[in-house]
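> sequence and predicted model, in that order:
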Amino acid sequence: MLVDHKQIVGRFLDTPSSQTPAGGSTLDKLKILRSRNFGLLWVGGLVAMLGDGFTLVAFPWLVIQLSDSALALGAVLAVRTVPRAIFILVGGAITDRFSPLLVILSTRLIYLILMALLAVLVLSGTIELWMVFLFSLLTGTVGAFAYPAHSAILPQLVSQQELPLANSIMGGIGQICLLVGPAMAGLFIVWLSGGDSGLNPATELQALGYIFALDACSLLIASTFTLLIRIDADHDIRSDQEDSLLGSIKAGAVYLFQDGGLFRYTLYMGAIMFLAFGAITVGIPLLAHQHLPEGAAAYGLLMSAVSGGMLLGIVLAGLLPHPHPRYLGSMIFILDVVFGPMFILLGWIDTTVQGMIILFSFGVVLGYMGILLMTWIQQRIPQQMLGRMMSMTMFATVGVAPLSGVLSGYLIELAGLRYLFTISGSLIGLVAVLCLLSPKMRAMGLPPDRQLDPARITPSGPDDLSVTSQ
């Protein structure tokens, strides 16, 4: 019996075997770059995210210089995530009600002011740890509004067929910036410190101040590009203005609960984030500071390795056909089963190169799956509900981040870095195995049993939610 390999592959992929994946040749796909609005978005994003790549290293390194404490670092990062968890649902509702573009512009301008002020305080030598906590709180609050808007704007600028490539381009630009930015920031700190990272705190603080100033300049340029974007009225679909803000959030919650697959995905990502967030954001900076001789440069190289891997994964997601939603859950769980042991190995490295190899491998999978999942949600959810759905899936992850960061810092102080990575990696693998054994979890990528109409989902009262009848 002959086996039709194209037919088998076609069942796994999200396109029929007889069609070119994602709608045409590579040249046809790249026509998206001629779009004026999309071009302004990605150029502005390129500049802003390059500054973000610098700050990704500078902010935790500032905490280390001021405190040299794992618990303080975990607490500062936790403080940033608390307002994100509190306000991200509000951010999603505001994005749906007003405009993702307006929210992006507003948040960039606020970020600009905060980074400029932080640069002045650091360069003047008046920065104190309590001020860093305050800046962490404020930037976290702004991020709660920025994240849903950035996730919801692409469907207003490109067609449904162009979404996978558009997501790959935006994600690729971000990873290029995060690949270059952290490495440059780490080397910049070492250069301005006279080549002795960690031995001259005063000069390191000066270098950090200049990095924050560069981030402020990048945000000014990015805001200018954002101002030039014009969205057509027929693409600017917004939620019902008559509902209260709380009513909009409640309607979004009902929609999420009705979509069983998206709800299960949200719960799973919350569990994985709880186990991984602290080890990544607290453990990796301290790993570079305490165990790797290159110090800040090592931290920059480690973060750049993640970004380099994610860039490759994003490119693959843009060029290769996407798997059928039937297999989405299984793919996620299998990859996380592999992640667990690799996470454990990270705690036992003694050279920067070893860490870079492990984190690059992480990045490839994270980049590929990130684009798949983002496109899956954007194509699954109506535009007028997209900001709220993005905010609710993010809420499940940022909501557990503060506790994860604090517990990780405490565990490092109590037992050491290796115990943190060993416990986190073991539990990630265990959760993934349990989900892989569940048929419902494996099938979470499939569409809901019935299509959900956001116009039919309304809050029937202040404390009661229902799905209205047709």
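Yep, it's here.

> now do the contacts for residue 405.
74, 75, 77, 78, 81, 277, 278, 281, 282 (Cβ atoms under 8 Å, 6 or more residues apart in numbering). (C-beta placed from N, C-alpha, C; glycine too.)

> which of the helices or strands spans it?
Using DSSP states H and E, residue 405 sits within helix 401-415.

> same question for residue 226.
helix 201-227.

> report the buried residues of that helix.
Across helix 201-227, burial judged by 16 or more other Cβ atoms under 10 Å covers 203-216, 218-223, 225-226.

> check which element follows it along the chain.
Next along from helix 201-227, by DSSP H and E: helix 245-258.

> quick one: buried residues of that following helix?
So, applying 16+ other Cβ under 10 Å, buried residues of helix 245-258: 247, 248, 249, 250, 251, 252, 253, 254, 255, 256, 258.

> CSV please, covering the residues you listed and showing pLDDT.
What follows is the buried residues of helix 245-258, written out as CSV (pLDDT from 0 to 100):
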residue, pLDDT
247, 80
248, 78
249, 79
250, 83
251, 83
252, 81
253, 83
254, 87
255, 86
256, 85
258, 86
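
> now those residues as a markdown table including distance to residue 106?
Converted to a markdown table, these look like this (distance: Cβ to Cβ, whole Å):
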| residue | distance to residue 106 |
| --- | --- |
| 247 | 23 |
| 248 | 18 |
| 249 | 19 |
| 250 | 24 |
| 251 | 24 |
| 252 | 21 |
| 253 | 25 |
| 254 | 28 |
| 255 | 26 |
| 256 | 26 |
| 258 | 31 |
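
> touching, residue 245 and residue 94? I think so.
Yes. Counting by Cβ atoms under 8 Å, residue 245 touches residue 94, with 7.4 Å between them.

> returning to that earlier point: tell me the one among the contacts of residue 405 nearest to residue 264.
Nearest to residue 264 among those, counting by Cβ to Cβ, is residue 277 at 20.1 Å.

> which secondary structure element is home to that closest one?
Judged by DSSP H and E, residue 277 forms part of helix 260-278.

> enumerate the positions of that helix that are buried.
Buried-residue list, helix 260-278, by 16+ other Cβ under 10 Å: 261-266, 268-278.

> circling back: mind listing which of the contacts of residue 405 are in helices?
Members of the contacts of residue 405 lying in helices (criterion: DSSP state H): 74, 75, 77, 78, 81, 277, 278.

> list just the nearest of the residues you listed to residue 167.
Looking across the ones in helices among the contacts of residue 405 and measuring by Cβ to Cβ, the closest to residue 167 is residue 277, at 22.9 Å.

> low-confidence regions, this structure specifically.
In the predicted model of the chain, residues 1-30, 192-202, 233-244, 449-470 satisfy pLDDT under 70.

> ok, residue 406 - contacts?
The contact partners of residue 406, by Cβ under 8 Å, 6+ apart, come to 71, 74, 75, 78, 278.

> what about the top helix by length along the chain, distance to the chain center?
Ordering each helix of the chain by length in residues (DSSP H) puts helix 36-67 first. Taking the mean of its C-alpha atoms, helix 36-67 sits 13 Å from the chain's own mean (Cα atoms, centre = their mean, to the nearest Å).

> SS state for residue 308?
helix (DSSP: H, G, I helix; E, B strand; the rest coil).

> skipping adjacent residues, who's closest to it in space?
residue 179 (4.9 Å; Cβ to Cβ, 6 or more residues apart in numbering).

> what number of residues lie near the one you found?
As a burial measure, residue 179 scores 21 neighbours (other Cβ atoms under 10 Å).

> the helix or strand hosting it vs helix 36-67, what angle?
Assigned by DSSP H and E, residue 179 belongs to helix 163-192. Per axes from the mean of the first three to the mean of the last three Cα atoms, to 10 degrees, the angle that helix 163-192 makes with helix 36-67 is 40 degrees.

> so for helix 163-192, what gets flagged as buried?
Those would be 163-190, 192, for helix 163-192 by 16+ other Cβ under 10 Å.

> check contacts around the residue nearest to residue 87 when sequence neighbours are not counted.
The shortest distance from residue 87 to any non-neighbouring residue, by Cβ to Cβ, 6+ apart, is to residue 144 (3.8 Å). With contact set as Cβ under 8 Å, 6+ apart, residue 144 has these partners: 83, 84, 85, 86, 87, 88, 90, 91, 398.

> pick out whichever of the residues you listed sits closest to residue 31.
Of all those, residue 31 sits closest to residue 91, with 32.4 Å by Cβ to Cβ.

> surely the closest one touches residue 148?
Yes. Here residue 91 reaches residue 148: they are 4.9 Å apart, a contact under Cβ under 8 Å.

> which residues do those two both contact?
Listed contacts common to residue 91 and residue 148 are 103, 387, 391; contacts here mean Cβ under 8 Å, 6+ apart.

> ends of stretch 268-287, how far apart?
Stretch 268-287 stretches 27 Å from its first residue to its last (Cα to Cα, to the nearest Å).

> tell me how many other residues crowd residue 113.
Neighbour count of residue 113, defined by other Cβ under 10 Å: 13.

> ok, the one 4 residues further on next?
Look at residue 117: counted by other Cβ under 10 Å, it has 15 neighbours.

> what does residue 297 give?
Neighbour number of residue 297 under other Cβ under 10 Å is 24.

> just give the closest residue to it, not the sequence neighbours.
Residue 297's closest residue in space is residue 186 (Cβ to Cβ, 6+ apart), at 4.3 Å.

> ok so, going back, what's the PyMOL line that selects buried ones from the contacts of residue 144?
In PyMOL, a selection of the buried entries from those looks like this (16+ other Cβ under 10 Å):
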select buried, resi 83+84+85+87+88+90+91+398
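
> helix or strand right after the helix holding residue 277?
Following helix 260-278 in sequence order, the next helix or strand is helix 284-291 (DSSP H and E).

> chain center to that next one, what's the gap?
22 Å.
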